[in-house]
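*Asks:* Got a predicted structure here, sequence first:
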Amino acid sequence: MTAYTDTELMIARAAQELENDDTTLVGVGVPNLACNLAKRTHAPDLEMIYESGTIGSNPSRLPLSIGDPVLATNARSVVPMTKGFGYYLQAGRIDVGFLGGAQIDRWGNINSTVIGDYDDPTVRLPGSGGACEIASNTDRTIIIAPHSRRRFPPEVDFVTSPGYVGGRDNRAELGLRGGPEAVITDMAVMHFDDDGEMTVDSIHPDVSKADVAEATGWDIQFASDLDETRPPTEDEIALIRNELDPDGVYTGGDD
Amino acid sequence: MTAYTDTELMIARAAQELENDDTTLVGVGVPNLACNLAKRTHAPDLEMIYESGTIGSNPSRLPLSIGDPVLATNARSVVPMTKGFGYYLQAGRIDVGFLGGAQIDRWGNINSTVIGDYDDPTVRLPGSGGACEIASNTDRTIIIAPHSRRRFPPEVDFVTSPGYVGGRDNRAELGLRGGPEAVITDMAVMHFDDDGEMTVDSIHPDVSKADVAEATGWDIQFASDLDETRPPTEDEIALIRNELDPDGVYTGGDD
Amino acid sequence: MDDAIARSIEDGQSVYLGGFTHLIPFAAGHEIIRQGYQDLTLIRATPDLIYDQMIAAGCASAVTFSYAGNPGVGSLRAFRRAIEDGVPNELSIDEYSHFGLVSRLEAGAKDLPFVPLRSYVGSGYPDHNDSIRMVANPYDDDVDEIAVVPPLRPDVAVVRAQRADDEGNAHLWGITGEMVEAAFAADTVVLSVEELVDRDVIRSDPNRTAIPGTIVDHVVEEPYGSHPSYAQGYYDRDNVAYLEWDEISETHESTTEWLSEWVHGVDGRREYVAKLETERLLDLQPRTNFSTPIDMGEY
Amino acid sequence: MDDAIARSIEDGQSVYLGGFTHLIPFAAGHEIIRQGYQDLTLIRATPDLIYDQMIAAGCASAVTFSYAGNPGVGSLRAFRRAIEDGVPNELSIDEYSHFGLVSRLEAGAKDLPFVPLRSYVGSGYPDHNDSIRMVANPYDDDVDEIAVVPPLRPDVAVVRAQRADDEGNAHLWGITGEMVEAAFAADTVVLSVEELVDRDVIRSDPNRTAIPGTIVDHVVEEPYGSHPSYAQGYYDRDNVAYLEWDEISETHESTTEWLSEWVHGVDGRREYVAKLETERLLDLQPRTNFSTPIDMGEY
């Protein structure tokens, strides 16, 4: 069996979260690879939208940024951002959004703004982009991030993208649509329980429960029927390496 | 000297209200003829916008409605109504608007909605269209209407398009831009005084002060330096008859 | 079209037939009349002849609008008869100015609880329409309060375009009015086009695809489906029909006679078009006038 | 361009350089650096390399933005140095998410006191940005309150388009981002294009004229004015330049060295382009891929 990288596993696992009739707001990097993998396997009709305003993109090669011309050429439609965010995202026309983040808490609230104090930050991160809107307005958000205590603290320094805020009921009260669906890391896959709290569903091969607990900043819950994450198949690995990212821009290097 | 019709005089007089660098929101009929006359005489750079969303129209023939294809072909731009009304009119990019109306009061408030009670009308008129917005957001509105007691009552049955509301100060307090500039009828030309009250500035040839007073539903003011309205010139009449409305669609019939 | 209408609309629903003067779906309106729909709420900035015909046919119990005239001609007589005299039935109205109505559709398209606009202050509308409300400006700059309108979400929108592919990705040009907002605001969208084209034609110019197939439920190819209104580049408005309507609609009887002949008397748009004199149709053809293409680049 | 910039911008003003990843006016940004502007408030959804360069050059005292990264590469190091360490000067920020920033420009374009949007509820923004406020929903349906943002009106907007006529009527295609809103929101607009074309080209397709000449104050023809970003149909993004910037900008010294050579060391875009290797430019050319034209009709 072919050896795979953590990133390849995360791509393959994220692809499984997508259904054939989903419309997804795609980010560059791992989400883009996951969406394109899903499109070439079980979800050929997946509709890909980018926050730059390209609707139904059909990229002929891996886009280098969310504003790559390859996303506009041959797209279904291209619209101004007022429309992409207003008529598509805010209007509830996007099922799935992908988010990353420097910090993620137990309710799936994400920080991609600052580490430390907002007005005098230790690290100034890029900020929201469309993440706050994606988190607020899609039906399901899929969070992808490396697993570490630093990334999964008890509390985030700034809520860039609201998850369940203070719990599932709280999000609903605030009038926010949907919510976080899954968190996929290099160690495990988490879903959210009835209260909206993150719960480990499956652990990747060669990772232990203790590893995950150790790499999480709070006393994380484990599902009673904890699984091992299914590794990427030969087909998935071949597609990623030969067609989706032949130059290893996103998938090389962590092997 | 060539005989002219009341409509021709009104067209020529309305054209004089336009300046070369004006942007105007044009209606069909008399306003359209006035704008095109101005464009072919003293205001060649006049920018004509229609509420259907055609910007900088260059009609090759007289448009039959504000949605005529002749207004789109060869235009500067064509935009959705959200943009025409939002980015152009509401944003204050239109200097002059033309309005008609079934009733006009002393403050230039206009009714084009109903005669009688709103919920049980004697006559149901077409309603605002864009008139309410034009009256609220242009710098100067030019009102064109036949002169009669019925048309110029002490109070209108419904304010479709606000003029000075209850006076010039009142309009400013309400945060409305500009206001009515002139009223051109088949008897006289009126402007608005410092209080925002309609005042007769000039009377058309062969019309008397008494005629105007009799045809107005309130005790209308006359300017101390009351003039006679300048009749249309030979050139203006020739342009209207030979080029602008050769079939006499709008200018025939009242002679 | 008969099938698309039958599967999309139910009695009592709110229906928007698109187009500001341009691209009015007359064929769809006639189909609605033929299928005997009742109690519809008709939504349009400009009811135009099409709603006058539907009102005369007894399809409507309410109209949401902003200008009820025969554009460039005069008034809508059937609409007036319904409001002034209750013929053929009472008609309730929900009335705005153009920007108010368009803003309601925009709020629907964006799923916003309201949209602000600088209209209605100093006018008579707020006293007669409870949907128009005022909201305080939370900032120090500018006005203290501003008018807002709530979202409008038609159950069904029927919109037309010049061309689309079989997925319903549509290219529109010329005057688009409030059509795109209405299509995004509606639950169900029926798209009718002058011609179906290859997907490559649409994908060659994605910036022109104002209506994506993903919001369209039914696509119908129906040449001349907007007659007597027009389709930019395909045919001009048949102005004689607009002028004649002023006479035809003078009484309820003469109106229903016309409906018997031109709506109930034909089984669809193809028969309607066949019934028109050839010369009349030919006179409406504009000369060809192509746009300069753009280069999207092959990336 | 030097003249257009000199006549449009003054120290201390707020300036928007347009384009979302696409059509970024790098030439204008470099001209601003060369002319030694100071104390500018820079507005952009994505500051991108161009604002990183202007910040490093000491032109800016404030940035209004929503995503400060090197798109597809990493972080903006000069931007971070200014915020984290005050190098070369302190930089104040006014931060939004994309839709918030875009909505502020839209409010500016429409002259509205505020625009509502379904963002910020449950997020940390309202606690740190007093411009984001809540407004009560005056209707019973939907949420009790919603976030609003106030208008943003740049003193000057510099926008690029593929082609325009001498009046500044511009055709844009591909990704347009928030450029059109910013142009309508700004007091002064400088338009820079890949090529000036005949007025007939523009008028052949008025639906594509997103920026009308009536809002444009200066028109400049400047081929390759967006390098190393791109112009759809004309050239691709020079990704090597974006990757290299990550190294160049690693220290303030290496950044200013680069500015000396590529900005101060050339007298304008023509010299900058001449300085690039021919092969590098040729590699960025896409194959031609024309759109299917539309027929506007001769009416």
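*Replies:* Thanks, I have it. Numbering: from 1, shown residues only, chains lettered A, B, ... in the order given.

*Asks:* can you pull out the strands in the stretch 151-299 of chain C?
*Replies:* Under the criterion DSSP state E, counting those that start in this stretch, the stretch 151-299 of chain C contains strands at C:156-164, C:170-171, C:188-196, C:209-211, C:218-221.

*Asks:* Correction: the previous question concerned the stretch 151-255 of chain A.
*Replies:* Taking DSSP E, counting those that start in this stretch as the criterion, the stretch 151-255 of chain A carries its strands at A:179-184, A:188-192, A:198-203, A:221-228.

*Asks:* Which residues in the second one does the neighbour count mark as buried?
*Replies:* The neighbour-count criterion (16 or more other CB atoms under 10 Å in any protein chain shown) identifies A:188-190, A:192 as the buried residues of strand A:188-192. In short, each C-beta sits where N, CA and C put it, glycine included.

*Asks:* hey, which of the strands of the stretch 151-299 of chain C is tucked in deepest?
*Replies:* strand C:156-164 (a mean of 28; mean count of other CB atoms under 10 Å in any protein chain shown).

*Asks:* That one vs strand C:188-196, what angle?
*Replies:* 20 degrees (axes from the mean of the first three to the mean of the last three CA atoms, to 10 degrees).

*Asks:* Does chain B have contacts with strand C:156-164?
*Replies:* No: using CB under 8 Å from any CB of the partner chain, we find that strand C:156-164 stays clear of chain B, coming within 11.8 Å at best.

*Asks:* Sheet partners, orientation included, of that strand?
*Replies:* Strand C:156-164 pairs in its sheet with strand C:14-17 (parallel), strand C:170-171 (antiparallel), strand C:188-196 (parallel), by DSSP bridges.

*Asks:* returning to that earlier point: out of the strands of the stretch 151-255 of chain A, nearest to chain B?
*Replies:* Smallest distance to chain B across those (CB to the nearest CB): 31.2 Å, for strand A:179-184.

*Asks:* And chain D, is the closest one touching that?
*Replies:* No: under the criterion of CB under 8 Å from any CB, chain D is not reached by strand A:179-184; the shortest gap measures 10.4 Å.

*Asks:* hmm, who's touching that strand?
*Replies:* Residues from elsewhere that reach strand A:179-184 (CB atoms under 8 Å, 6 or more residues apart in numbering or on different chains): A:10, A:13-14, A:17, A:96, A:104, A:107-108, A:135, A:140-145, A:163-164, A:168, A:171, A:189-192, A:196, A:198.

*Asks:* would you turn the strands of the stretch 151-299 of chain C into CSV with distance to C:Thr64?
*Replies:* Supplementary listing: those in CSV, determined by distance: least, CB to CB, whole Å:
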stretch, distance to C:Thr64
strand C:156-164, 13
strand C:170-171, 24
strand C:188-196, 17
strand C:209-211, 21
strand C:218-221, 23
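
*Asks:* before we move on, the earlier item: using JSON lines, lay out the strands paired with strand C:156-164 together with mean pLDDT.
*Replies:* What follows is these, written out as JSON lines (pLDDT from 0 to 100):
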{"stretch": "strand C:14-17", "mean pLDDT": "98"}
{"stretch": "strand C:170-171", "mean pLDDT": "98"}
{"stretch": "strand C:188-196", "mean pLDDT": "98"}
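
*Asks:* So for C:His252, which of these sits nearest?
*Replies:* strand C:14-17 (21.7 Å; CB to CB).

*Asks:* List the contacts of that closest one.
*Replies:* Under the criterion CB under 8 Å, 6+ apart, residues C:9, C:24-25, C:28-29, C:32, C:40-44, C:50-51, C:64, C:105, C:154-158, C:182, C:186 lie in contact with strand C:14-17.

*Asks:* then it to CSV, C-alphas only?
*Replies:* Extracted C-alpha coordinates of strand C:14-17, given in CSV (Å, rounded to 0.1, in the frame of the first residue of the first chain):
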residue,chain,number,x,y,z
SER,C,14,-47.5,35.1,-5.7
VAL,C,15,-46.1,35.3,-9.2
TYR,C,16,-43.6,37.6,-10.8
LEU,C,17,-43.5,37.8,-14.6
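
*Asks:* So which bits of chain A are right by chain C?
*Replies:* A:23, A:47, A:54-56, A:58, A:60-61, A:68-70, A:72-78, A:86-87, A:90-93.

*Asks:* Please produce a ChimeraX select command covering the buried subset of these.
*Replies:* Applying 16+ other CB under 10 Å to the residues of chain A next to chain C, the buried members can be selected in ChimeraX as follows:
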select /A:23,47,54,55,56,68,69,70,72,73,74,75,76,77,78,86,87,90,91,93
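
*Asks:* so how far is A:Val189 from C:Asp205?
*Replies:* The gap separating C:Asp205 from A:Val189 is 42 Å, by CB to CB, to the nearest Å.

*Asks:* quick revisit: keep only the contacts of strand A:179-184 that also lie close to chain D.
*Replies:* The residues of those that also fall near chain D, by CB under 8 Å from any CB, are A:Arg171.

*Asks:* if we can go back for a sec, hmm, which two among the buried residues of strand A:188-192 are most spread apart?
*Replies:* Distances among these were taken as CB to CB; the most separated pair is A:Ala188 and A:Phe192, at 13.6 Å.

*Asks:* Up against chain D, what does the stretch 101-250 of chain A have?
*Replies:* Contacts of the stretch 101-250 of chain A with chain D, taken as CB under 8 Å from any CB, map to A:109, A:113, A:118-119, A:121-133, A:136-137, A:158-162, A:165, A:170-171, A:174-176.

*Asks:* hmm, which of these are the buried ones?
*Replies:* Buried among these (16+ other CB under 10 Å): A:109, A:113, A:118, A:121, A:124-133, A:136-137, A:158-162, A:165, A:170-171, A:175-176.

*Asks:* In helices, which of those appear?
*Replies:* The helices, defined by DSSP state H, take in A:131-133, A:136-137, A:170-171 from these.

*Asks:* In a markdown table, list the residues you listed along with pLDDT.
*Replies:* Output for those, formatted as a markdown table (pLDDT from 0 to 100):
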| residue | pLDDT |
| --- | --- |
| A:Ala131 | 96 |
| A:Cys132 | 97 |
| A:Glu133 | 97 |
| A:Ser136 | 98 |
| A:Asn137 | 97 |
| A:Asn170 | 96 |
| A:Arg171 | 97 |
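
*Asks:* Which one of those residues is nearest to D:Asp85?
*Replies:* A:Ala131 (25.8 Å).

*Asks:* From A:Ser52, how far out is the residue lying closest to that closest one once chain neighbours are set aside?
*Replies:* In this structure, A:Ala131 finds its nearest non-sequential neighbour in A:Ser161, 4.5 Å apart by CB to CB, 6 or more residues apart in numbering or on different chains. Going from A:Ser161 to A:Ser52 by CB to CB gives 18 Å.

*Asks:* same check, this time on C:Glu250
*Replies:* In this view, C:Glu250 and A:Ser52 are 55 Å apart by CB to CB.

*Asks:* So which of those two has more stuff around it?
*Replies:* Using other CB atoms under 10 Å in any protein chain shown, the more surrounded residue of C:Glu250 and A:Ser52 is A:Ser52, with 29 against 13.
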